[in-house]
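>>> okay, sequence plus prediction incoming.
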Amino acid sequence: MKLGLTLTAAIAGTLVAGAVSAQDLRLAPAAPPAHPAYYMYEHFAEYLAEESGGSLGTIILGPEVIALPQMGDALQSGLADIGNSLPLYFAADFPVTGIAGDLALQGRNPTAMGLAMTEWAVNCAECQAEFREFGGVYLGSGSSDVYGLITTVPVETVEDLQGLRLRSGGAPYSRWAEHFGATGVPMGVGDTFEAMSQGTIDGSMASIVDMLSYRLIDVATNFNTVPIGTYHATSNFTVAVPTWERLSVEEREMVARAANRANFDLTDRWGYQLPDEARAAVAESGVVTTEVSDALLAASEEFAAADREAQITASGAEAEAFVSLVDEWAAIVEENGNDFDALAEIAWERIWSQVDLSTYGL
């Protein structure tokens with residue numbers, strides 16, 4: 001379905017939360033109901049109703065109306081009021097925001113990564129300018145679980161990585177693979193199953209969730225828990241600039257508070273709930289799970305540290321600020337655990353209460 005369709009036709013094919021009115025906001029998770037992003041948007045709709053006392057309603061548009069690659073056009077055309085954007089899908093539009101995504105190998109705690117990304121992007125002037133040019137206002141991020149190795153051959157040692165062809169979701173993962181003598185193969189995640197089944201690649205550097213969501217459990221033989229990194233360069237709730245402009249400051253706070261709460265739902269679902277379900281399924285399958293050896297873990301951590309310094313050298317103050325926030329939030333999460341209610345309060349006080357919503361994003 002093209003973005004040129006009328007809004008009436010678009011709404012007809014969507015899930016509607018409440019009656020349509022002037023105060024209903026059109027939400028675009030750009031994902032089907034089974035996806036963590038849709039789960040997050042369902043919770044956001046509930047939170048916004050609570051925060052606004054029902055004065056702000058929502059309409060959820062399905063991915064058949066707005067898909068991820070269409071998000072920029074959807075926000076700028078007014079088809080979506082709030083959308084799930086992935087800056088790495090629009091790398092040319094987000095060169096500075098992408099710096100945080102290029103530090104994926106630092107990801108060891110999904111909760112800390114989502115929070116670090118949020119605080120960094122809110123306070124990154126260049127990132128804010130990129131979002132404004134894109135047509136949206138940034139309201140936070142979340143994170144995947146920590147990626148491991150899903151393969152069709154056993155991987156137990158550093159030497160076992162030599163010569164393997166591994167699906168890569170981006171430059172950081174390719175750097176990791178190449179450091180260990182493997183080849184990172186850029187490939188859409190949806191193509192992984194066929195490539196592995198045909199022997200084009202030997203595996204994927206990916207979330208264990210891909211075992212279920214892309215049925216890799218039917219073709220993989222091994223999973224190694226070596227921690228590679230996270231996918232955290234998200235913009236979970238990107239508010240269309242015209243929508244943000246027409247909201248009162250009080251309404252902007254309602255939206256920001258709801259987004260601050262719902263950001264944790266993405267991380268909870270993507271970083272913890274679904275990985276637990278996938279691990280249980282893998283345990284009952286014929287796939288062999290290998291816990292990372294001390295030697296491979298040490299080698300991976302050593303490279304991640306070196307990559308961190310290399311990215312700081314290449315990208316300067318922005319990269320240094322992000323990795324510092326990763327360390328700070330890791331300590332906060334360690335102290336609080338995954339108490340998402342408590343962390344949402346901390347995030348509001350530390351990040352969002354410091355923002356002047358009368359001028360933010362404009």
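Here it is on my side, so go on. Just so we're clear, the structure is a prediction, and the values are computed from it rather than from any experiment.

>>> so who does A34 touch?
Shown in contact with A34 (CB atoms under 8 Å, 6 or more residues apart in numbering): S213. For glycine as for every other residue, the C-beta is placed from the backbone atoms N, C-alpha and C.

>>> which SS class is it?
Of the three states, A34 takes coil under DSSP: H, G, I helix; E, B strand; the rest coil.

>>> ok, it to S213 distance?
Distance, A34 to S213, using CB to CB, to the nearest Å: 8 Å.

>>> then E245?
As defined by CB to CB, E245 lies at a distance of 37 Å from S213.

>>> between these two, who's got more neighbours?
Set E245 next to S213 and count neighbours by other CB atoms under 10 Å: S213 wins out with 17 against 12.

>>> quick check, pLDDT for that one.
At S213, the model reports a pLDDT of 87.

>>> what sits against it?
Shown in contact with S213 (CB under 8 Å, 6+ apart): A34, L274.

>>> quick one, phi psi at it?
phi -70, psi -30 (degrees, to the nearest 10).

>>> quick one: the strands in the stretch 51-200 of the chain, in order.
Taking DSSP state E, counting those that start in this stretch as the criterion, the stretch 51-200 of the chain contains strands spanning 57-60, 82-85, 136-138, 148-151, 165-168, 183-186.

>>> could I get those strands in JSON lines, plus columns for distance to E291?
Output for those, formatted as JSON lines (distance: least, CB to CB, whole Å):
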{"stretch": "strand 57-60", "distance to E291": "40"}
{"stretch": "strand 82-85", "distance to E291": "34"}
{"stretch": "strand 136-138", "distance to E291": "38"}
{"stretch": "strand 148-151", "distance to E291": "10"}
{"stretch": "strand 165-168", "distance to E291": "19"}
{"stretch": "strand 183-186", "distance to E291": "23"}
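
>>> CSV for the ones you listed, including mean neighbour count?
Below are the strands of the stretch 51-200 of the chain laid out as CSV (neighbours: other CB atoms under 10 Å):
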stretch, mean neighbour count
strand 57-60, 21
strand 82-85, 28
strand 136-138, 27
strand 148-151, 26
strand 165-168, 24
strand 183-186, 18
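
>>> out of those, which is closest to E50?
Set against E50 and scored by CB to CB, those come closest in strand 57-60, at 12.0 Å.

>>> list the helices and strands that closest one packs on?
Contacts defined by 3 or more CB pairs under 8 Å, 6 or more residues apart in numbering; DSSP states H and E place strand 57-60 against strand 15-17, strand 24-28, helix 36-52.

>>> looking at these, which is buried most?
strand 24-28 (a mean of 24; mean count of other CB atoms under 10 Å).

>>> got the domain ranges for the protein?
7-143+232-275+336-354, 148-230+285-309 (automatic domain parsing).

>>> buried deepest among those, which one?
The highest average neighbour count among the domains of the chain, using mean count of other CB under 10 Å, belongs to domain 7-143+232-275+336-354 at a mean of 20.

>>> quick one: average pLDDT of that domain?
Averaged across domain 7-143+232-275+336-354, the pLDDT comes to 92.
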